[in-house]
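Asker: Quick one, what's the 3D model for this:
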Amino acid sequence: MSTIQDTIHQMGRQARAAAYKLAQLTNAEKNTILKAMAAAIRESAPILLDANATDLAAGEAKGLSAAMLDRLRLDEARVEAMATGIDQVAALPDPVGLVMEAWERPNGMRIEQVRVPIGTIGIIYESRPNVTADAAVLCFKTGNATILRGGSEAIHSNLAIAAALGTAGAPEHAIQLIPFTDRESVAALAGMDQWLDLIIPRGGKGLIETVVSLARMPVIKHYDGICHLFVDKGADFNMAVSLTVDAKTQKCGVCNALETLLVHRDIAPAFLPQVAAALRAKNVELRGCEETHAVLTDIVPATEQDWRTEYLDLILSIKTVASLDEAVDHINTYGSHHTDTIVTADVATAERFLREVDSACVFHNVSNRFADGGEFGFGAEIGISTDKLHARGPMGLRELTSYQYRIRGNGQIKGAR
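Answerer: Just a heads-up that it's a prediction; the model follows:
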């Protein structure tokens, strides 16, 4: 093995040992440590900001985009948001030990299905240094040991955050950050199934595809955030414009931002100029289908690829559709099963949309931007899963647990048949 592989495998052995210690902590003990982590983040704010300034300078020198630099940037408010997020996680109910179901068999055997930690979790992520804190504390609250591997662009920030968390009294090696940022470290982490029970990649499609191709343990992932908003013929125009502008422009470089706007044909001639004016005021480039182009003659013609593109930028594709059926079919064909919204006053139409769109989150008269663990009341989130097994949508504490059957009796034997 190389030095990198040796180091990461040692971290894996340490994580496994730490996981057994974590599983023995009470909820009160975990919460005391979490509150100490929040305090450590606040106390370390000057150190975190200095480390982040180093990363930002390097990012600017590399020519990172404005959106990428914004994802990387820490300021006093974002540091406080990290600490507040940890406090919120401490205040949340602990799912570990929760009895999901219980029943008794005819022979008197009593069976419980109980939530337990998954064990050891590897998390690979890019750009946003706050993920270091979010992922670590969610895993810690649920009794999971964590090995974190952040991107090279945030290495100094991540190391500083991990160091601050490490002063709070958690069991040794409960939270570990890989100090290497080369691709070999990703391969080493994804290959050590003897130590890791689960791996979660957060980042661009290329990173996720790489992890999926290498992983020898289960992976929870989402590839893209190709999110839609459908303005039905029964929509209130002012609401539809407000939701569209918010979903596209409140923060365009995130996975729950709007990428494709669908508009019912019956209202397109009246609605499209209104929404286009509001979007242009926010400097959004518009690309449209042929029918949309007939109304908005100066927009860029959309191509087939536009319907499959996560722009993560101030670009929006628009398609005029003849019906709810066409809107649902378009979303299920081109979407990424992440987050999709309908705007309408027609409750029956909305309920059909919610039932028929095959996405992790489906909204009625709500901005796509609320597809977020914090907004759902989960505190921080570990990510948003577009998988269908084990976890789907924003992942909070419950999604970081598995379950165990606990059977109690008084000497029952199966005996001869």
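Asker: Show me the shaky parts of this structure.
Answerer: In the predicted model, the chain carries pLDDT under 70 at residues 1, 379-380, 416-417.
Asker: list the contacts for the nearest residue to residue 136 once chain neighbours are set aside?
Answerer: In this structure, residue 136 finds its nearest non-sequential neighbour in residue 175, 4.6 Å apart by Cβ to Cβ, 6 or more residues apart in numbering. Where C-beta positions appear, they are placed from N, C-alpha and C, glycine not excepted. Counting by Cβ atoms under 8 Å, 6 or more residues apart in numbering, residue 175 touches 136, 139-140, 145-146, 148, 162, 165-166.
Asker: Closest one to residue 36 out of the residues you listed, please.
Answerer: residue 165 (9.3 Å; Cβ to Cβ).
Asker: Leaving out chain neighbours, which residue sits closest to that closest one?
Answerer: residue 37 (5.1 Å).
Asker: which SSE is that neighbour in?
Answerer: helix 27-43 (DSSP states H and E).
Asker: What residues of that helix count as buried?
Answerer: Neighbour counts using 16 or more other Cβ atoms under 10 Å place 30-31, 33-42 of helix 27-43 among the buried residues.
Asker: In a markdown table, list the residues you listed along with distance to residue 211.
Answerer: A markdown table is the format used below for the buried residues of helix 27-43 (distance: Cβ to Cβ, whole Å):
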| residue | distance to residue 211 |
| --- | --- |
| 30 | 28 |
| 31 | 32 |
| 33 | 29 |
| 34 | 28 |
| 35 | 33 |
| 36 | 32 |
| 37 | 27 |
| 38 | 30 |
| 39 | 34 |
| 40 | 30 |
| 41 | 28 |
| 42 | 33 |
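Asker: out of these, who's nearest residue 381?
Answerer: Of these, the one sitting nearest to residue 381 (Cβ to Cβ) turns out to be residue 34, at 15.8 Å.
Asker: how near is the closest residue in space to the closest one that isn't next to it in sequence to residue 368?
Answerer: Spatial nearest neighbour of residue 34, excluding adjacent residues (Cβ to Cβ, 6+ apart): residue 90 at 3.9 Å. Applying Cβ to Cβ, to the nearest Å, the value for residue 90 to residue 368 is 29 Å.
Asker: List of residues touching the helix or strand encompassing residue 326?
Answerer: Using DSSP H and E, residue 326 falls within helix 324-334. Residues outside helix 324-334 that contact it (Cβ under 8 Å, 6+ apart): 226, 228, 230, 232, 260, 262, 264, 307-308, 319, 321, 340, 342, 349, 352-353, 356-359.
Asker: Weed out the non-buried ones from those residues.
Answerer: Here, 16+ other Cβ under 10 Å leaves 226, 228, 230, 232, 260, 262, 264, 307-308, 319, 321, 340, 342, 349, 353, 357, 359 buried among the contacts of helix 324-334.
Asker: Tell me which of those residues fall in strands.
Answerer: 228, 230, 260, 262, 264, 319, 321, 340, 342 (DSSP state E).
Asker: What residues does the first one make contact with?
Answerer: I take that to be residue 228. 258-262, 327, 330-331, 335, 340-341.
Asker: ok so, going back, how about the helix holding residue 326: buried residues?
Answerer: Using 16+ other Cβ under 10 Å as the test for burial, helix 324-334 gives 324, 326-328, 330-331, 334.
Asker: ok so, going back, and residue 90 and residue 368? Which one has more around it.
Answerer: residue 368 (28 against 22; other Cβ atoms under 10 Å).
Asker: which helices and strands sit right next to the strand or helix carrying residue 9?
Answerer: Secondary structure from DSSP H and E places residue 9 in helix 3-22. Where contact means 3 or more Cβ pairs under 8 Å, 6 or more residues apart in numbering; DSSP states H and E, helix 3-22 is packed against strand 120-125, strand 145-149, strand 175-177, helix 183-191.
Asker: Tell me which helix or strand comes right after the second one.
Answerer: Tracing the chain C-terminally past strand 145-149 and defining elements by DSSP H and E, one meets helix 155-165 next.
Asker: CA atoms only for that next one, dumped as CSV, please.
Answerer: Provided in CSV are the C-alpha atoms of helix 155-165 (Å, rounded to 0.1, in the frame of the first residue of the first chain):
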residue,chain,number,x,y,z
ILE,A,155,-8.6,22.1,2.6
HIS,A,156,-7.4,24.8,5.1
SER,A,157,-11.0,25.7,6.1
ASN,A,158,-11.9,22.1,6.6
LEU,A,159,-8.8,21.3,8.7
ALA,A,160,-9.5,24.3,10.9
ILE,A,161,-13.2,23.3,11.4
ALA,A,162,-12.3,19.7,12.2
ALA,A,163,-9.6,20.8,14.7
ALA,A,164,-12.2,23.0,16.5
LEU,A,165,-14.7,20.1,16.6
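Asker: Direction-wise, compare that helix with strand 145-149 and give the angle.
Answerer: If you take axes from the mean of the first three to the mean of the last three Cα atoms, to 10 degrees, helix 155-165 sits at 160 degrees to strand 145-149.
Asker: Distance check, residue 222 against residue 256.
Answerer: Look at residue 222 and residue 256: by Cβ to Cβ, they are 10 Å apart.
Asker: thinking again about what came up before, mind checking how far the helix holding residue 9 is from the chain centre?
Answerer: 25 Å (Cα atoms, centre = their mean, to the nearest Å).
Asker: Likewise for stretch 276-294?
Answerer: Distance, centroid of stretch 276-294 to centroid of chain: 29 Å (Cα atoms, centre = their mean).
Asker: Just the buried positions in stretch 184-194, please.
Answerer: By neighbour count on 16+ other Cβ under 10 Å, the buried set for stretch 184-194 is 185-192.
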